[in-house]
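> sequence plus predicted model, see below.
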Amino acid sequence: MLAYLPGTTLPMTREAQEDAFGSLSPIFAVSGGGLLLSQVSEMTGLGASTIQNWVKRGWVSSPTNKRYNEFQVSRILLINLLRPAMRLEKIVQLLQYTNGSVDDRTDDIIPEPRLYSLLCAAILELSDCEKITHESIVTLTELRLEGYEGPVPDAAERLKNALSIMLMNVAAAMLMQHADAIFEQTVAVEKP
């Protein structure tokens, strides 16, 4: 079981297991619908300058009245979640493949808060798998997307491809963390 909501510093709750981004709704409700940079920074563990750089590069749309809405925060969470095993430029390219322009919601095949929740749910299932393979990731993706019908003819295929790539990168990050833990317990302990 994951200790933290993926891409955040927030503890994983039962509610978050069902709808990861929906579990953040109370935070948005209390804040008046948007989060300040300091709040996003605290939630993600990212430095404010990192988030501002992502906005400056066009990877996240600009905040309105210094507040980040649910779409902007979910995009930040997705990027942060995928960073351990994927280059930033590729993450952004993958998100563009899925949802087009960051400033245009009409070209999205799935709202990014929903994509984040979908990815988190799949990660939870993946973390319970005893054997992670390409085939198991594709099967998990297909099960998660069962019944999905997007706004354009190729939306389901694009979303399946994107989610599979995201899960493979999350699996790679999990394996790297596991390898680091084994290294610290064995090799690093045996210092000459």
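Good, I have the coordinates. Numbers count the residues shown, from 1 in each chain.
> ranges for the strands of the protein?
35-36, 67-68 (DSSP state E).
> what mean pLDDT does the last one have?
Averaged over strand 67-68, pLDDT sits at 96.
> do the first one as well
For strand 35-36, mean pLDDT rounds to 96.
> given it, what are its sheet partners and their directions?
strand 67-68 (antiparallel) (DSSP bridges).
> need the contact list for the spatially most central residue of the chain.
Note on the chain: the residue nearest the mean C-alpha position is L78, at 2.8 Å, using Cα atoms, centre = their mean. Contact criterion Cβ atoms under 8 Å, 6 or more residues apart in numbering gives G7, I91, L95, E112, L115, Y116, L119 as the residues in contact with L78. Any C-beta I mention is one placed from the backbone N, CA and C, and that applies to glycine too.
> and what of R158?
Counting by Cβ under 8 Å, 6+ apart, R158 has contacts Y97, T98, I109, G150.
> ok, back up a step: between the contacts of L78, which sits nearest G33?
Among those, E112 lies closest to G33 (Cβ to Cβ), at 16.0 Å.
> and that closest one, how close does it get to Q17?
Computed as Cβ to Cβ, to the nearest Å, the E112 to Q17 distance reads 19 Å.
> between those two, tell me which one has more neighbours.
E112 (23 against 15; other Cβ atoms under 10 Å).
> check what pLDDT F28 gets.
So, for F28, pLDDT stands at 89.
> excluding its backbone neighbours, what's nearest it?
Nearest residue to F28 in three dimensions, chain neighbours excluded: E70, at 6.1 Å (Cβ to Cβ, 6 or more residues apart in numbering).
> weed out the non-buried ones from the contacts of R158.
Among the contacts of R158, those buried by neighbour count (16 or more other Cβ atoms under 10 Å) are T98, I109.
> next, format the contacts of R158 as TSV and append distance to T50 and pLDDT.
TSV is the format used below for the contacts of R158 (distance: Cβ to Cβ, whole Å; pLDDT from 0 to 100):
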residue	distance to T50	pLDDT
Y97	23	96
T98	22	95
I109	27	96
G150	31	91
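> out of the contacts of R158, the closest to V30 would be?
Among the contacts of R158, and counting by Cβ to Cβ, the member closest to V30 is T98, at 29.6 Å.
> how much space separates that closest one from S23?
In terms of Cβ to Cβ, T98 sits 22 Å off from S23.
> now do the contacts for L77.
L77 neighbours (Cβ under 8 Å, 6+ apart): P6, G7, T8, F21, T44, Y116.
> from those residues, which two are the most distant?
Across the contacts of L77 (Cβ to Cβ), the longest gap, 13.3 Å, separates F21 and T44.
> burial count for C129?
12.
> helices along this protein, start to end?
In the chain, the segments counted as helices under DSSP state H are 14-18, 25-30, 37-44, 48-56, 70-82, 88-99, 112-128, 134-144, 155-185.
> and T64, which of the ones you listed is closest to it?
Short answer: helix 70-82, nearest of the helices of the chain by Cβ to Cβ, at 8.9 Å.
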